[in-house]
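Q: What shape does this take:
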Amino acid sequence: MIEVAGLTKRYGEKLAVNNLTFTVRPGIVTGFLGPNGAGKSTTMRMMLGLDNPTSGEVLIDGKRYAGLRDPLTDVGALLDAKAMHGGRTARNHLLCLAQSNGLPASRVDEVLDTVGLTAVARKRAKGFSLGMGQRLGIAGALLGDPRILMFDEPVNGLDPEGIHWIRNLMQTLAHQGRTVFVSSHLMSEMALTAEHLVVIGQGRLLADTSMAGFIRDNSRTYVRLRSPEQERLRDVLHEAGVRVAQGPDGTLEADDVEAARLGELAAGSGIVLHELSPQSASLEDAFMQLTAESVEYHAHTGRSGPADAVGGPPVAGGPGASPQRGWGEDWKKGK
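A: The predicted structure follows:
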């Protein structure tokens, strides 16, 4: 279990993480979400003792990371898939980690097989694609057979088969009773993987809830009805105390009532239904709704000025200019 209490990190005047408190429990996959610049990576680095918090603390099974006797067997983490010596082979990279942590060499071959890199075990890491690098990083996280696993953007560079594999792997690890904490920008994938969500924005905690609860609390769920007897259907529903609103293309929309109940009311009055469909928002819709005021960097759509047409920076204050930062500054930095 990971316990985060009052975690704060300040860089000069910049408050990167602001008094975060949450718990990551074993047995489920917990997703860690937030817009770019929200403080996710900084938080994960503080969890692993790579950055020191300004205040607050993180406990791993009741201890700070620095106090763990055998950290690789307690926590496995992938924060940067490129954090390896490119001149070493995949096997030697993992072998160095194993030897420095008192793990048997046989474990190296086991995790290489688990992540599907056995065939390239003796190839140098500098020649690996982004997806292969991700697999090697995941192998390193699994090396000590840890009780707690942390992954930052683990599906980056993976093909569809690889994404399906890592999703199943994380769920399997959680079902084994391990603590699995994963950060990702792919909302559709997170919706299929995580059962619980921790959402932050501008360093502050915005939500700590179940996946279903998060979508329910931050979006609208309703039932859409379509019938050739629309006015009669409206009257029947009104008499039953069901509020309906006019939807697009001649449909009716009912909130706070189950589809089965609506179908029963229509059938009881002999009304033909051409559509009876529950409508719920996606995780992405709910996330965008909750974090709308916490996005640090905004992109703009629509037609741009002449400079944009030739690939140059927008005119300051003109179309496409960022309200958050000076575009000219970002342009010079190649961002």
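
Q: Secondary structure class of residue 197, three-state.
A: At residue 197, secondary structure determined by DSSP: H, G, I helix; E, B strand; the rest coil is strand.

Q: so where is the chain shaky, pLDDT-wise?
A: Within the chain, the stretches with pLDDT under 70 are 293-335.

Q: Can you give me the domain assignment for it?
A: 2-216, 222-279 (automatic domain parsing).

Q: Just name the most buried of the ones you listed.
A: domain 2-216 (a mean of 18; mean count of other CB atoms under 10 Å). For glycine as for every other residue, the C-beta is placed from the backbone atoms N, C-alpha and C.

Q: What's the end-to-end length of that one?
A: Using CA to CA, to the nearest Å, the end-to-end distance of domain 2-216 comes to 26 Å.

Q: and the domains of the chain as TSV, adding distance to residue 292?
A: Formatted as TSV, the domains of the chain follow (distance: least, CB to CB, whole Å):
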stretch	distance to residue 292
domain 2-216	9
domain 222-279	21
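
Q: so which of these gets nearest residue 289?
A: For residue 289, the closest of the domains of the chain is domain 2-216, at 9.9 Å, according to CB to CB.

Q: So for residue 286, which of the domains of the chain sits nearest?
A: Nearest to residue 286, of all those, is domain 2-216, at 4.6 Å by CB to CB.

Q: And the closest one, how far out from the chain middle?
A: 12 Å (CA atoms, centre = their mean, to the nearest Å).

Q: Make 27 the starting number, not 1.
A: Sounds good: first residue 27 from here, last item domain 28-242.

Q: who touches residue 79 in this structure?
A: Each residue near residue 79 by CB atoms under 8 Å, 6 or more residues apart in numbering is listed here: 33-35, 43, 72.

Q: how about the strands in the stretch 27-176 of the chain?
A: Remark: strands assigned in the stretch 27-176 of the chain by DSSP state E, counting those that start in this stretch are 28-37, 40-50, 55-59, 81-86, 101-104, 174-178.

Q: Out of these, which gets nearest to residue 120?
A: Comparison of the strands of the stretch 27-176 of the chain against residue 120 by CB to CB identifies strand 101-104 as nearest, at 12.1 Å.

Q: tell me what that closest one is packed against?
A: Applying 3 or more CB pairs under 8 Å, 6 or more residues apart in numbering; DSSP states H and E, we find strand 101-104 packed against helix 156-168, strand 174-178.

Q: Keeping just the C-alphas, turn the longest one into CSV.
A: Listed in CSV are the C-alpha atoms of helix 156-168, where the atom choice follows Å, rounded to 0.1, in the frame of the first residue of the first chain:
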residue,chain,number,x,y,z
LEU,A,156,10.4,3.0,-28.2
GLY,A,157,8.1,0.0,-27.7
MET,A,158,10.9,-2.4,-27.0
GLY,A,159,12.4,0.1,-24.6
GLN,A,160,9.1,0.2,-22.8
ARG,A,161,9.1,-3.6,-22.5
LEU,A,162,12.7,-3.6,-21.2
GLY,A,163,11.7,-1.0,-18.6
ILE,A,164,8.7,-3.1,-17.5
ALA,A,165,11.0,-6.1,-17.2
GLY,A,166,13.2,-4.0,-14.8
ALA,A,167,10.1,-3.1,-12.8
LEU,A,168,9.2,-6.8,-12.5
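
Q: Give me the contacts around it.
A: 102-104, 106-110, 116, 119-120, 123, 137-138, 140-143, 146, 151, 154, 175-177, 180-185, 188, 192, 195.

Q: repeat that for 7 Å
A: With contact meaning CB atoms under 7 Å, 6 or more residues apart in numbering, helix 156-168 is reached by 102-104, 107-108, 110, 116, 119-120, 123, 137-138, 140-143, 146, 151, 154, 175, 177, 180, 182-185, 188, 192.

Q: Apart from its chain neighbours, what residue comes closest to residue 282?
A: residue 269 (7.8 Å; CB to CB, 6 or more residues apart in numbering).

Q: Check the gap between that neighbour and residue 107 for me.
A: Separation of residue 269 from residue 107 (CB to CB, to the nearest Å) stands at 51 Å.

Q: Quick check: which of the helices and strands packed on strand 101-104 is nearest to residue 199?
A: Nearest of these to residue 199, taken as CB to CB: strand 174-178 at 6.0 Å.

Q: Run me through the strand neighbours of that closest one, direction for each.
A: strand 101-104 (parallel), strand 205-209 (parallel) (DSSP bridges).

Q: after that strand comes which helix or strand?
A: Going down the chain from strand 174-178, the next helix or strand is helix 186-201, by DSSP states H and E.

Q: what's that next one in contact with?
A: Residues outside helix 186-201 that contact it (CB under 7 Å, 6+ apart) are 53-55, 157, 164, 175, 180-181, 184, 206, 208, 215, 218-219.
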